[in-house]
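>>> Using only what follows, build the 3D model:
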Amino acid sequence: MADDSPILLWFRRDLRLGDHPALSEACASGRPVIPVFLLDEVVEAQGACPKWRLGLGVGALAQSLEEKGAKLILRRGKALETLRALVKETGAGAVWWSRLYDPDAVKRDKAVKEGLKDDGIDAKSFRGHLLFEPWDIETKSGEFYKVYTPFWRNAKDHEVAATLSAPKSIVAPKTWPKSDALDDWSLGAAMDRGAAVVEPFLNVGESAATGRLAAFIGHNIESYDAARDRPAMEGTSKLSENLTYGEISPRACWHAGRRALEEGKKGAETFLKELVWREFAYHLVYHTPRLTSGNWREEWDAFPWNEDERRAEVKAWKQGRTGIPFVDAAMRELYVTGHMHNRSRMIVASYLTKHLMCHWRIGQKWFEDCLIDWDPASNALGWQWSAGSGPDATPYFRVFNPVTQLDKFDKDRAYVDRWIAERSDNPGKDALAYFEAIPRSWNMAPDDDYPEPVVSMDEGRKRALDAYENRDF
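Model prediction:
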């Protein structure tokens, strides 16, 4: 007899209907499909801004499913226990999901798959979060890559399958199980008053993500090579926000970029390389899970970084009060928009780990709490790359100078003026919005004096290089 039991389709970082292999196969089976999202142990552990932004994406997905005559069932609890309860309630014979590759997700998903299979349930994972599975790209000797450039050379010629259309219909079960109310989860509680400040800068949901990609390819990809390094310009795609929640597929981005390349648009190859950098981050996280939690180069465990987050210079860095305009503008952009320009990310990471001699984990954790596009693999690789402790890292002795970098990439100070109120007699709305977003306990005001540098450029650089030269490894 044909199996007509429902399939529980467990959504995670794949909040879309188009180009969704697991959903497409479930709908093609002809069986009832029950979409599910869990506030489980992995989601509960996320920082304030990512968790809030994820909730908005879940709400957008629920609306898209309703338009197809389906419902998104929300449940809170540990993943395996909660899925087992749903299987019992619905008579589902299968639980399907899209694979994830960071250590926390892998640990959870392994336990879920083993537990459900022991129960006789068809537990099956599908690709969809990446262009390539982390084991698809390998060296000639069958090993994983540790350096990006040869990884790119290999990956760029790999075939990427065409995207899948969203299902025209989704077969409903005879009865829908009960669902939690999304508002009852209070996923934005930790954002406090900051949510209202950040929200206008968001681009939530599959439709918005598709529009963002189209606008970038149509208007900005031609100038992407140069504009992407100018933090005052709208020169990047900002698709990282949507890719991290799966509101758009990497395959959709890849094929759009390839078409632009074939049309001769100058920035297309650079855009494709950025997509593959994301792949490289997951390639490394899968093969060396320690990347997310400790020094990838284990000899760096002996490096004398400060690990005390209570120190005054760490507080100044978090508050955008270091006295270094490029660093402070970037940290305020992060707090107001939930986003930070990529060039700025490199500057603030280098400054924290080198000029201030602080452990990269301090910065990684702050970004985990503040970024709308927080991604466990990309965030970890970015911080370790900047710190010098990771694979394919910038050499430790390469210390970005935020002053000369500002002269190069923000010569007219448009970026700095947009975000730092204390340097202006007539600050703009974005600079002032920072003071609406920050905790009141910081006791900061736009008419405060702008601080002197917590450490001079020369002193910070010399201290970092002396520590490197006198290291014990």
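
>>> can you give me the strands for the chain?
With DSSP state E, the ranges of strands along the chain come out as 7-11, 33-39, 73-76, 94-98, 122-126.

>>> starting at the chain centroid, how far to the shortest one?
It stands for strand 73-76. Chain-centre distance of strand 73-76: 23 Å, with CA atoms, centre = their mean, to the nearest Å.

>>> Residues in contact with it: which ones?
Here strand 73-76 makes contact (CB atoms under 8 Å, 6 or more residues apart in numbering) with 34-40, 58, 82, 85-86, 176-182, 185. (Glycine included, C-beta is placed from N, CA and C.)

>>> Could you rerun that using 6 Å?
Contact with strand 73-76 is made by 36, 37, 38, 39, 82, 177, 179, 180, 182, as judged by CB atoms under 6 Å, 6 or more residues apart in numbering.

>>> Of those, grab the buried ones for PyMOL.
The PyMOL command for the buried members of those (criterion: 16 or more other CB atoms under 10 Å) is given here:
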select buried, resi 36+37+38+39+82+177+182
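
>>> possible to save the contacts of strand 73-76 as TSV with pLDDT and distance to residue 451?
Output for the contacts of strand 73-76, formatted as TSV (pLDDT from 0 to 100; distance: CB to CB, whole Å):
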residue	pLDDT	distance to residue 451
36	98	49
37	98	44
38	98	45
39	98	41
82	98	49
177	98	55
179	98	50
180	98	46
182	98	42
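
>>> what's around residue 168, how many residues?
Counted by other CB atoms under 10 Å, the residues lying close to residue 168 total 7.

>>> To clarify, my last question referred to residue 359.
Neighbour count of residue 359, defined by other CB under 10 Å: 23.

>>> my guess is it meets residue 305, correct?
Yes: Residue 359 is within contact range of residue 305, at 4.0 Å (criterion: CB atoms under 6 Å).

>>> re earlier: give me whichever of the strands of the chain is most buried.
Among the strands of the chain, strand 7-11 has the highest mean neighbour count (mean count of other CB atoms under 10 Å), at a mean of 26.

>>> Against residue 79, how distant is residue 113?
Per CB to CB, to the nearest Å, residue 113 is found 10 Å from residue 79.

>>> burial count for residue 468?
Neighbour number of residue 468 under other CB under 10 Å is 16.

>>> Any figure for the gap between the closest residue to it other than its chain neighbours and residue 324?
In space, and not counting its chain neighbours, residue 468 is closest to residue 396: 4.9 Å by CB to CB, 6 or more residues apart in numbering. Separation of residue 396 from residue 324 (CB to CB): 20 Å.

>>> okay, those two: which has more neighbours?
More neighbours surround residue 324 than the other of residue 396 and residue 324, with 28 against 20 (other CB under 10 Å).

>>> if we can go back for a sec, who's more crowded, residue 113 and residue 79?
Regarding residue 113 and residue 79, a neighbour count based on other CB under 10 Å identifies residue 79 as having more, with 24 against 17.

>>> so what's the more buried one up against?
Counting by CB under 6 Å, 6+ apart, residue 79 makes contact with 38, 40, 108, 112.

>>> change it to 8 Å
With contact taken as CB under 8 Å, 6+ apart, residue 79 is in contact with 38, 40, 41, 42, 108, 109, 111, 112.

>>> so the first one makes contact with residue 9?
No: checked against CB atoms under 8 Å, the pair residue 38 and residue 9 is beyond contact range at 11.9 Å.

>>> shared neighbours, those two?
Common neighbours of residue 38 and residue 9, counting by CB under 8 Å, 6+ apart, are absent.

>>> Enumerate every residue touching residue 53.
By CB under 8 Å, 6+ apart, the contact list for residue 53 reads 202, 204, 241, 245, 338, 372.

>>> What is the burial count for residue 5?
As a burial measure, residue 5 scores 16 neighbours (other CB under 10 Å).

>>> Equivalent analysis for residue 412, please.
Neighbour tally, residue 412, other CB under 10 Å: 8.

>>> what's near enough to touch residue 324?
Contact partners of residue 324, counting by CB under 8 Å, 6+ apart, are 351, 402, 403, 453, 457.

>>> for residue 63, that is, sorry about that
Taking CB under 8 Å, 6+ apart as the criterion, residue 63 is in contact with residue 205.

>>> mind checking how far the closest residue to residue 267 other than its chain neighbours is from residue 230?
Distances taken as CB to CB, 6+ apart place residue 224 nearest to residue 267, at 2.7 Å, with adjacent residues excluded. Separation of residue 224 from residue 230 (CB to CB) stands at 11 Å.

>>> what do you get for residue 448?
Per CB to CB, residue 448 is found 28 Å from residue 230.

>>> what about these two, which has more around it?
More neighbours surround residue 230 than the other of residue 448 and residue 230, with 19 against 12 (other CB under 10 Å).

>>> and the more buried one, what pLDDT?
The model reports residue 230 with a pLDDT of 96.

>>> Double-check it against residue 412; I have them as touching.
No: contact criterion CB under 8 Å: residue 230 and residue 412 do not qualify, at 10.4 Å.

>>> Please identify which of the contacts of strand 73-76 is nearest to residue 269.
Distances from residue 269 to the contacts of strand 73-76, taken as CB to CB, are shortest for residue 37 (36.4 Å).

>>> Beta-bridge partners for the closest one, please?
Residue 37 forms beta bridges with residue 11, residue 74, as assigned by DSSP bridges.

>>> How many residues are close by the nearest residue to residue 435 once chain neighbours are set aside?
Nearest non-adjacent residue to residue 435, counting by CB to CB, 6+ apart: residue 446, 5.8 Å away. For residue 446, the neighbour count with other CB under 10 Å is 13.

>>> One more: residue 164?
Close neighbours of residue 164, defined as other CB under 10 Å, add up to 18.

>>> how close does it get to residue 20?
Distance of residue 164 to residue 20, given as CB to CB: 7 Å.

>>> before we move on, what about residue 123?
Counting by CB to CB, the gap from residue 123 to residue 20 is 18 Å.

>>> And the pLDDT for residue 363?
On the pLDDT scale, residue 363 is placed at 98.

>>> and it, what is it in contact with?
Here residue 363 is in contact with 348, 349, 352, 353, 383 (criterion: CB under 8 Å, 6+ apart).

>>> burial measure for the residue lying closest to the fourth one once chain neighbours are set aside, as a count.
What that stands for is residue 353. Setting aside the residues directly before and after it, residue 353 is nearest to residue 387 in space (CB to CB, 6+ apart), at 4.2 Å. Close neighbours of residue 387, defined as other CB under 10 Å, add up to 28.
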